[in-house]
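Visitor: sequence and predicted structure below; questions after.
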Amino acid sequence: MGNYNLKVYEYADGIQIRLYNQPISTNEKVPPVPLAVPQECDELQRVHTSELSHTHGKVHTSELLDNPEKVHTSESPDRQRGHAIQSSMNRTIQKIYEISRANIWEYFLTLTFDRNKLDSSDYNLLCDKVSKWLNNLRSRYAPDLKYLIVPELHKDGKHYHFHGLLSNIGNITLTDSGIKKNGHTIYNMANWKYGFSTVSKVVESNKVSSYITKYITKELCAVSKNKRRYWSSKNCDTAKVSVYNLPYEEIGQFIDNNIQSIRHTSKVVVESAGLTINYIEMEKGERNHDKPKN
C-alpha cells in the first residue's frame, strides 16, 4: 500500500500529467470526475509555477486556471441517480480517451443503419451486428486490424449509429464516394452491408481522442446501463502509467524545467471530496525526458 500525488500517462502523441492537491492511496478509488480533455486553441495556456501558492508544503493550484470544472454530489435520490449516470459516463469517457490516445489511427469511420434492414432503435441488436461484423473483418480481411468503435444516440433519443477509429485495415475495400471534405476524399466501406458508411483519413491522430469521446453522453449512458459502450481490438496499445508521491516543490521544479514542452493545462474540482486535479499536457521529446523520480 502506498500513496501518490502525481500520475503520468505516456501516450502515443504526448504525455499527460495529473497533479492531485492531496495524496491518494493506491487502494483508494479516485471519485469519477469529468476528464479534462485537451481543447484545440490557438494560444495554449502555460503553467507558471510562480503562480502556485504553498500552504503546509502542499501546492494549491486554484490560481492556475480561471474556470475549473466543478463536480457536485448530493444525497437526494434523484441527485444520486443523476450522479451515478454522470460517474458511469465519466468512466466510459476516460477509458475511451486513454485507448484512443495510446494509439496512432489512420481512418475515422461512421456506420449508419438502413431502417428497412435493421431496427436502428434496438441497441442490443445493433451491438450484436457490429461485434460480429468486426470479428468478420479481422478473420477475413485484416488480421491485424486495430479498432475503437463507439455508439452515438440520435437526437430523437431512440436510434443509433456508430463511429470508430481504424488502423491496419489490410484488405478491407474502401471505395471513393466522389465526395471531398476540406480537400480530403470521403470513402465508403464495401464490407458494410447494413446501411451507409463513410471513411476518411485521419489527418492528425492526436486530435481524434477528444473528438471520439464527445459521442458518450448522459442520454446514451442512461439507456445503455450495464451494456457495452465501446469496442476495442485486443491489439490496441495502452498508455504507460507511472505514479509518484513527491514534495510539491519538487513537482513545481520539474514543471519549471519542462515549461517549453507544455501544450495545455486544465483543472477539475470535486468539491465534496476536497479534491483538485490539474491536467498538464506535455509534448514528447528530449525536453521532458527528465521525468519525476521517486
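Guide: The structure has been received and is ready for your questions.
Visitor: most centrally placed residue in this structure?
Guide: Tyr97 (1.5 Å; Cα atoms, centre = their mean).
Visitor: need phi/psi at that one.
Guide: Backbone torsions of Tyr97, given as degrees, to the nearest 10, read phi -60, psi -40.
Visitor: surely it and Lys214 touch.
Guide: No - with contact defined as Cβ atoms under 8 Å, Tyr97 does not reach Lys214; the gap is 10.6 Å. The C-beta positions use only the backbone N, C-alpha and C, and glycine is treated the same way.
Visitor: so where do the helices sit in the stretch 51-200 of the chain?
Guide: Ranges of helices in the stretch 51-200 of the chain, per DSSP state H, counting those that start in this stretch, are 77-101, 123-140.
Visitor: can you name every helix or strand that the longest one contacts?
Guide: Applying 3 or more Cβ pairs under 8 Å, 6 or more residues apart in numbering; DSSP states H and E, one finds that helix 77-101 makes contact with strand 146-153, helix 208-212, helix 218-223.
Visitor: show me where pLDDT drops low in this protein?
Guide: 1, 28-82, 285-294 (pLDDT under 70).
Visitor: mind checking how far the lengthiest strand in it is from the chain centre?
Guide: Scanning the chain for the longest strand, with DSSP state E as the assignment, gives strand 15-25. From the chain centre to the centre of strand 15-25 is a distance of 18 Å (Cα atoms, centre = their mean, to the nearest Å).
Visitor: tell me the contacts of Arg115?
Guide: His159 (Cβ atoms under 8 Å, 6 or more residues apart in numbering).
Visitor: tell me how many other residues crowd Lys214.
Guide: 12 (other Cβ atoms under 10 Å).
Visitor: mind checking the SS state of it?
Guide: Of the three states, Lys214 takes helix under DSSP: H, G, I helix; E, B strand; the rest coil.
Visitor: do you know how far it is from Leu220?
Guide: 11 Å (Cβ to Cβ, to the nearest Å).
Visitor: for Lys155, same thing?
Guide: 12 Å.
Visitor: which of these two has more residues huddled nearby?
Guide: Just comparing Lys155 and Leu220: by other Cβ under 10 Å the higher neighbour count belongs to Leu220, 20 against 8.
Visitor: shouldn't that one be in contact with His154?
Guide: No - with contact defined as Cβ under 8 Å, Leu220 does not reach His154; the gap is 10.1 Å.
Visitor: pull the number of nearby residues for Asn168.
Guide: When neighbours are counted by other Cβ under 10 Å, Asn168 registers 15.
Visitor: quick one: contacts for the closest residue to it other than its chain neighbours?
Guide: Nearest non-adjacent residue to Asn168, counting by Cβ to Cβ, 6 or more residues apart in numbering: Asp144, 4.3 Å away. Residues in contact with Asp144 (Cβ under 8 Å, 6+ apart) are 168, 170, 235.
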